[in-house]
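**Student:** What would the 3D arrangement of this be:
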Amino acid sequence: MVKKYPMKGPFHATDKGLSRRSVLKAAGAAAAAAPFALSAPNVLAADKTVRFLNAEPSVDSVRAMRFAAAQYEKETGIRVQMDSVPGGKAFEKLQASIQSGRPYDIATLSFVGDVLLLANEKKIVPLNQIISKYDWGPRILFPMQGDNYWYPYDYNLCWVNYRKDLYAAKSLQEPKDWASMQGNLAALMGDGENQLRHGIVHPIGSNGAANYTAFGYMWANGVELFDDNWNVVLDSPEILPKAAEYLDFMADMTQYMPPSPMQAGWANLVGDFQGGIISHTPGTGRLIDQMNLTMPDQAQQVSSFLFPSKDGQKFAVNHGYDGWVVLDTAMTDEALKFLEWFSDEHLINFLHSSPVHYQPTRLDIYEDPRWQSHPAFETFGDILAMQKRVLEDPNVIIRSIDTEGPEPDVRAGKVFRSYALPEMLQDRILNGTSATESVKAAAEKIRKVIAT
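**Tutor:** Sure thing, here's the model as predicted:
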């Protein structure tokens, strides 16, 4: 059984119950509906449309969402209009809809800073009633002043994918520390049999790919950016040596990377691995799901492991997360009804549209026979076991730049978008600055960024 996590403590919240506003709205809606009690509800509902901004644009995911929308309209008469955009365009599209005076009713967001911004502007409504129905995994709800403003559907964690066929040919084991990580990379590099040209790619440029894929080893090594009072502790006596060790490790790792990690990006993380240039790549299960569609034989030779610490005592994944928010519109009540219905009736079908990538955030789903029935879990059972370990093992750390700090706050988002940490890597790797001085410079930049 998967361990249960109570909705308490940092990044969790309990249901606050119905607000006075929601009670009054419900009472008003009931009173307004009374004269029409004998009318056919689907005739009245036919004029209502819930507008849903979907930021999961793959064919299978869009198909799952549209199927759910069609089923909901058949059952209730409420039309759900699905508009799909790439994840990186979702917030821009949502903001444009708000500014036009015709906001979406439900939207997908992938950055907690954007959720915080919309909550502060009172553009979105709490989802406490829906959230309170389920048990949730660790570090995923991100409550704001006791209210949950989004429904997280996917952990979207970053780990390390690797070629397990090459590991088997060389009798290698998954790395447990930095030394064994580098040893495995070296063993699989070269021109010989069961070797590839390079070992791994880690982007270090000032971009989202670096923010997401380059810092797993750092989190595993016990580095934190803030204390419980938002003081920067990156250069503190306790944290600085750990961060410096990480920088020196990453500098050593460049010998196993293709040239120009400064220019590396998302395309390299996928293309270099699929093209047989590298034996390892940081990323998610999306890579495996895509390969399983287009090159299933090669996909079956892929497995995954967590980022190790220097001494092998801790492991980490970089947080990603995706979720839905409900906007404060004339259709808010209908949007909430649809989201709750979808959560109960069609969420698992949606998660199955990318089964290895979409790691459930709700703990009950892991025990649901419907979710377990997907054939991909037979093929990639080792990865599923690793995902469960993330939720259960106290030695596994889930962190990311934008979720650092004691609670959700714009300060962590500012650090994320300042690229202070990728620049810390650049100082050490490209500029030859010592690890200690690189850490100190990054800490000072973070202080300036959060002060503005």
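**Student:** Wait, a strand at residue 427?
**Tutor:** No - judged by DSSP: H, G, I helix; E, B strand; the rest coil, residue 427 forms no part of a strand; its state is helix.
**Student:** what's around it, how many residues?
**Tutor:** Residue 427 has 20 neighbours, counted by other CB atoms under 10 Å. C-betas here are computed from N, CA, C, even on glycine.
**Student:** pretty sure it contacts residue 438?
**Tutor:** Yes - the criterion here is CB atoms under 8 Å, and residue 427 meets it with residue 438 at 4.0 Å.
**Student:** Skipping adjacent residues, who's closest to residue 137 in space?
**Tutor:** Excluding the flanking residues, the one nearest residue 137 by CB to CB, 6 or more residues apart in numbering is residue 391, at 4.8 Å.
**Student:** so the one you found touches residue 363, yeah?
**Tutor:** Yes - if you go by CB under 8 Å, residue 391 and residue 363 touch, sitting 7.3 Å apart.
**Student:** Those two - which one has more neighbours?
**Tutor:** residue 391 (22 against 19).
**Student:** Distance check, that one against residue 361.
**Tutor:** 10 Å (CB to CB, to the nearest Å).
**Student:** repeat for residue 173
**Tutor:** Taking CB to CB, one finds residue 173 at 30 Å from residue 361.
**Student:** Looking at these two, which has the bigger crowd around it?
**Tutor:** Using other CB under 10 Å as the criterion, residue 173 and residue 361 rank with residue 361 on top: 24 against 9.
**Student:** Spit out the contact partners of the more buried one.
**Tutor:** 136, 137, 140, 152, 153, 154, 155, 321 (CB atoms under 8 Å, 6 or more residues apart in numbering).
**Student:** mind redoing it with 7 Å?
**Tutor:** 136, 137, 140, 152, 153, 154, 155 (CB atoms under 7 Å, 6 or more residues apart in numbering).
**Student:** Turn those residues into JSON lines, including neighbour count and pLDDT.
**Tutor:** Listed next are those as JSON lines, based on neighbours: other CB atoms under 10 Å; pLDDT from 0 to 100:
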{"residue": "136", "neighbour count": "23", "pLDDT": "98"}
{"residue": "137", "neighbour count": "26", "pLDDT": "96"}
{"residue": "140", "neighbour count": "22", "pLDDT": "96"}
{"residue": "152", "neighbour count": "23", "pLDDT": "98"}
{"residue": "153", "neighbour count": "24", "pLDDT": "98"}
{"residue": "154", "neighbour count": "23", "pLDDT": "97"}
{"residue": "155", "neighbour count": "26", "pLDDT": "97"}
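**Student:** hmm, which two among the residues you listed are most spread apart?
**Tutor:** With CB to CB as the measure, no two of the contacts of residue 361 lie farther apart than 136 and 154, at 12.6 Å.
**Student:** Strands along the stretch 101-250 of the chain, start to end?
**Tutor:** 106-109, 151-154, 159-163 (DSSP state E, counting those that start in this stretch).
**Student:** Pick the most deeply packed of these.
**Tutor:** Highest mean neighbour count of the strands of the stretch 101-250 of the chain: strand 106-109, a mean of 27 (counted as mean count of other CB atoms under 10 Å).
**Student:** which residues touch that strand?
**Tutor:** Here strand 106-109 has contacts from 50, 52-56, 90-91, 94, 115, 150, 322-327, 335, 339, using CB under 7 Å, 6+ apart.
**Student:** in its sheet, what does it sit against?
**Tutor:** strand 49-54 (parallel), strand 322-326 (antiparallel) (DSSP bridges).
**Student:** after the last one, next one along is what?
**Tutor:** Past strand 322-326, heading to the C-terminal end, the next element that is a helix or strand (DSSP states H and E) is helix 332-345.
**Student:** What is the end-to-end distance of stretch 299-318?
**Tutor:** Counting by CA to CA, to the nearest Å, you get 22 Å between the two ends of stretch 299-318.
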